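Undergrad: Sharing a sequence plus its predicted fold:
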Amino acid sequence: GSEAARPHGDGAGGGSEAARLAVGNLTVLARQACGRGEHRLALQVLSRMGEHAAAAGREIGEECEDPEAVRAYYALAGDPFAELEAAARLAALGETGQAREVYERLNEDDDPEVRFVAGSRLLELLDAQGDADAFYRLAERRAGDADSPARPVFGSLLGMLQERQGDTETSLRTLREAAESGEPTALTVYAQALVAAGKEAEGRAAYRRVLEAGDPEAAARAMVALGNTYHDEDEAAARAWYVQAVHATEGHVSALGAMYLGALAKRRRDFPEALGWYQRVIDAGDPEAGMAAAHLGELAYWLGDRDGTVRYYELTLTLTDRPELVAEAACRLGEVRMADGDPDAARRLLERAVASGDETFTLEAKTLLAKLP
């Protein structure tokens, strides 16, 4: 018990190897006591650890299953950020009422950093609880907090909520104010809203400001978005922006640019160019790889290329389990196998298309199944 902890506690205050050993031993004793539900004993052990008590209390609090004890372990730190950690643990344990009380109280703290974290966590909690009115009021308040380190982000959130309520004019005004900070996310959200409202020229100007904001990833996304604004009206301009995005970064944003370049080539029925861009996505192992393979299968199908249709739709089935892609690939492959005179393979594939549950190809697959002997 507490007597067992005493000799370790005597050496826990220094910086020697013996002190580090004592801290480790005391932490083990406290964790064991917590595991047995003997939280008073665990806290007594921790109290003998001096400056190390707060860190050990956090460690044990992360594992503790008793909500009341959780608060006691984190309280050893005696600071609001530890309280925020305790509230997160309480929420994970299902004690959302207690977590909300902590977040609401610290949302009034004098420290803007504390208010920012508490407000962000509270917004997540309110969203999960479906409390739309409280969510809106809090977003409005945080957007008006002049000392907040993330005021533009909250302003963008508020603007999106206003748009969701159908108040486009107020939304754009709020988003414009947030974007004046030059923060890349706020600029991006404002640009998206402008384009959605039919103000494409202003939206493009906002996206170009993102390019100057110093965030390479945000800039690459803005390039893709700029390409989108030209996609249906000016293929050359769209292509130029997509190519810039592909070469400006790596990873998913680069793959998105390649997907759009593939789409432009597919629209022209240019299989060689489409293959180059879509294959780039497939080779990168991007989450869009299955979609890229399906686009190549569809383009080959349009062009009457039987071998290409089989190759890329079979590849689709190995790369993704998305129902709509599985249904398309299996249905088209079933159709090909029917034409090849292989009813057994056709049946397996068409039944797979039906089993996917995707409505788009289910009717077509059932129609083809009905034609099989």
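TA: The structure has been received and is ready for your questions. Residues are numbered from 1 along each chain as shown.
Undergrad: List the residues that contact the closest residue to Leu226 other than its chain neighbours.
TA: Ranked by CB to CB, 6 or more residues apart in numbering and with sequence neighbours excluded, the top spatial neighbour of Leu226 is Trp241, at 4.5 Å. In this view, the C-beta of every residue, glycine as well, is placed from N, C-alpha and C. By CB atoms under 8 Å, 6 or more residues apart in numbering, Trp241 lies in contact with Met223, Val224, Leu226, Gly227, Tyr230.
Undergrad: What helix or strand is Trp241 located in?
TA: Per DSSP states H and E: Trp241 is located in helix 235-248.
Undergrad: ok now that helix, how far from the chain's centre?
TA: 25 Å (CA atoms, centre = their mean, to the nearest Å).
Undergrad: repeat for stretch 330-346
TA: So, by CA atoms, centre = their mean, the centroid of stretch 330-346 is 39 Å from its chain's centroid.
Undergrad: returning to what we had before: pLDDT wise, what is the residue nearest to Leu226 at?
TA: Trp241 is assigned 98 on the pLDDT scale.
Undergrad: Offset the numbering so it begins at 272, please.
TA: From this message on, residue numbering opens at 272, which makes the last subject Trp512.
Undergrad: Return the helix or strand in the chain with minimum mean pLDDT.
TA: Confidence across the helices and strands of the chain bottoms out at helix 273-280, with a mean of 43, counting by mean pLDDT, DSSP states H and E.
Undergrad: Now the element after that one, going C-ward?
TA: Assigned by DSSP H and E, the successor of helix 273-280 is helix 288-306.
Undergrad: Just the CA trace of the following helix or strand past that following helix, in PDB.
TA: Later in the chain than helix 288-306, the nearest helix or strand by DSSP H and E is helix 310-318. The C-alpha coordinates for helix 310-318 follow below in PDB (Å, rounded to 0.1, in the frame of the first residue of the first chain):
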ATOM      1  CA  HIS A 310      -8.000   5.200  -6.800                       C
ATOM      2  CA  ARG A 311      -7.400   6.800  -3.400                       C
ATOM      3  CA  LEU A 312      -4.200   4.700  -2.900                       C
ATOM      4  CA  ALA A 313      -3.100   5.500  -6.500                       C
ATOM      5  CA  LEU A 314      -3.500   9.200  -5.800                       C
ATOM      6  CA  GLN A 315      -1.600   8.900  -2.600                       C
ATOM      7  CA  VAL A 316       1.300   7.200  -4.500                       C
ATOM      8  CA  LEU A 317       1.200   9.900  -7.100                       C
ATOM      9  CA  SER A 318       1.300  12.600  -4.500                       C
END
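Undergrad: avg pLDDT for helix 310-318?
TA: 91.
Undergrad: continuing past that helix, what's the next helix or strand?
TA: Next element after helix 310-318 (DSSP H and E): helix 324-334.
Undergrad: Now do that following helix: distance to the chain's middle.
TA: On CA atoms, centre = their mean, the centre of helix 324-334 falls 28 Å from that of its chain.
Undergrad: now do stretch 291-310
TA: 37 Å.
Undergrad: could you pull out the helices for the stretch 322-471 of the chain?
TA: 324-334, 338-346, 351-363, 367-377, 383-400, 403-414, 422-435, 439-450, 455-467, 471-482 (DSSP state H, counting those that start in this stretch).
Undergrad: out of those helices, nearest to Glu635?
TA: The closest of the helices of the stretch 322-471 of the chain to Glu635 is helix 455-467. By CB to CB, the value is 33.6 Å.
Undergrad: how big is the angle separating the closest one from helix 422-435?
TA: 20 degrees (axes from the mean of the first three to the mean of the last three CA atoms, to 10 degrees).
Undergrad: same for helix 455-467, what does it pack against?
TA: When contacts are defined as 3 or more CB pairs under 8 Å, 6 or more residues apart in numbering; DSSP states H and E, helix 455-467 packs onto helix 422-435, helix 439-450, helix 471-482, helix 487-501.
Undergrad: Tell me the buried residues in the third one?
TA: Residues of helix 471-482 classed as buried: Glu473, Gly474, Arg475, Ala477, Tyr478, Arg480, Val481, Leu482 (neighbour count, 16 or more other CB atoms under 10 Å).
Undergrad: Take the residues you listed and lay them out in JSON lines including distance to Ala324 and pLDDT.
TA: Formatted as JSON lines, the buried residues of helix 471-482 follow (distance: CB to CB, whole Å; pLDDT from 0 to 100):
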{"residue": "Glu473", "distance to Ala324": "56", "pLDDT": "96"}
{"residue": "Gly474", "distance to Ala324": "54", "pLDDT": "96"}
{"residue": "Arg475", "distance to Ala324": "56", "pLDDT": "97"}
{"residue": "Ala477", "distance to Ala324": "50", "pLDDT": "96"}
{"residue": "Tyr478", "distance to Ala324": "51", "pLDDT": "97"}
{"residue": "Arg480", "distance to Ala324": "49", "pLDDT": "96"}
{"residue": "Val481", "distance to Ala324": "46", "pLDDT": "96"}
{"residue": "Leu482", "distance to Ala324": "50", "pLDDT": "95"}
